[in-house]
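> Following is a predicted model, sequence given first.
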Amino acid sequence: MNNALAEITPILAANMYHDPSDKMLEMYQEYDFNQCYPLLTESKTRSEGVALISNYMKQYSCEQLPELRLDFNQLFIGPGKMKVPLWGSYYLSEDNLLCGPSTQKLQARIDALGIAINTIDGDNQPIDHLSLVLQLVEYTIKQNKTFELQAVVAEHLAPWAYRVAELTIEHAKTNFYLGWGLLLKDYLDVLVEANGIIVKEHTLWG
């Protein structure tokens, strides 16, 4: 199961970080998403998410790219208040401040592993951005670091990433991003259950 999770992790990270591009969408059109997306479960959440993205791409044309980019921006970027902030510290801080104590604890855990986590384009994102925490999850899976994987997911991902999935599902204007919200939730469900993770309860402020 963890091999399939490791395969999915960078796909999720990329779609929650990079705005949609012609190259990315051409890839999804070339390969049937329904056939290519790894099977984690037969859950209703997964089935709906895969079907939404697959059907969206079957009817997609380049004229829809502005609409898709607008949806990505209103969800994750702005202008105005973004609907779905992607930093853990936003949800774990009463004042919604970035780079707070939760970010520092995550950085200390990464330092203890002796690795560096960076965005593909070198953008200076706080380390608790969803896409970067997913990179850390991928690393711990591939390196068979079971204890570190459990700690990262229990303390630094699942407590707030479920809220990201919930908000994405609530606010998405296109079936493409509605589908990714559902697939993020399914991914978290499987990640937690397959690795026997007890998620720490936190008060969320977003």
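Ah, there it is. The model shown is predicted, which means the values in this text are computed figures rather than measured ones.
> Flag every buried residue along the strand or helix carrying V137.
Following DSSP states H and E, one finds V137 within helix 130-142. Burial within helix 130-142, assessed by neighbour count using 16 or more other C-beta atoms under 10 Å, is assigned to 130-141. Every residue, glycine included, has its C-beta placed from N, CA and C.
> which residues in this structure form strands?
Shown for the chain, no strands are assigned by DSSP state E.
> now, among the buried residues of helix 130-142, which is nearest to G100?
Nearest to G100 among these: V133, at 14.9 Å, using C-beta to C-beta.
> pretty sure that closest one contacts H156?
Yes: in this structure, V133 is within contact of H156 by C-beta atoms under 8 Å, at 5.9 Å.
> Need the residues touching each of those two.
In terms of C-beta atoms under 8 Å, 6 or more residues apart in numbering, V133 and H156 are both contacted by the residues 88, 106.
> got JSON lines for the buried residues of helix 130-142, with distance to P101 too?
Below are these laid out as JSON lines (distance: C-beta to C-beta, whole Å):
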{"residue": "L130", "distance to P101": "18"}
{"residue": "S131", "distance to P101": "21"}
{"residue": "L132", "distance to P101": "17"}
{"residue": "V133", "distance to P101": "16"}
{"residue": "L134", "distance to P101": "21"}
{"residue": "Q135", "distance to P101": "21"}
{"residue": "L136", "distance to P101": "18"}
{"residue": "V137", "distance to P101": "21"}
{"residue": "E138", "distance to P101": "25"}
{"residue": "Y139", "distance to P101": "23"}
{"residue": "T140", "distance to P101": "22"}
{"residue": "I141", "distance to P101": "26"}
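> H202 contacts S89, doesn't it?
No: the criterion here is C-beta under 8 Å, and H202 misses it with S89 at 11.3 Å.
> What backbone torsions are found at the nearest residue in space to I110 that is not next to it in sequence?
Distances taken as C-beta to C-beta, 6 or more residues apart in numbering place I117 nearest to I110, at 5.9 Å, with adjacent residues excluded. Reported as degrees, to the nearest 10, the phi and psi values for I117 are phi -120, psi 120.
> I117: neighbouring residues, count only.
Neighbourhood size, I117 [other C-beta atoms under 10 Å]: 19.
> Quick check: it vs A172, distance?
Using C-beta to C-beta, to the nearest Å, I117 is found at 27 Å from A172.
> Please list all residues in contact with Q125.
Q125 neighbours (C-beta under 8 Å, 6+ apart): 119, 131-132.
> Now do stretch 184-193, average pLDDT.
In this model, stretch 184-193 has an average pLDDT of 97.
> can you give me the helices for the chain?
Remark: helices assigned in the chain by DSSP state H are 2-15, 22-30, 33-36, 44-58, 65-76, 88-92, 101-113, 130-142, 146-151, 158-171, 175-194.
> next one: the third one to chain centre, how far?
Yep, that's helix 33-36 we're talking about. 19 Å (C-alpha atoms, centre = their mean, to the nearest Å).
> can you list contacts of that helix?
50-51, 53-54, 57.
> The spatially most distant residue from the centre of the chain and A165: what is the separation?
Computed with C-alpha atoms, centre = their mean, the residue of the chain farthest from its C-alpha average is E63, at 26.3 Å. Note on E63: its distance to A165, by C-beta to C-beta, is 29 Å.
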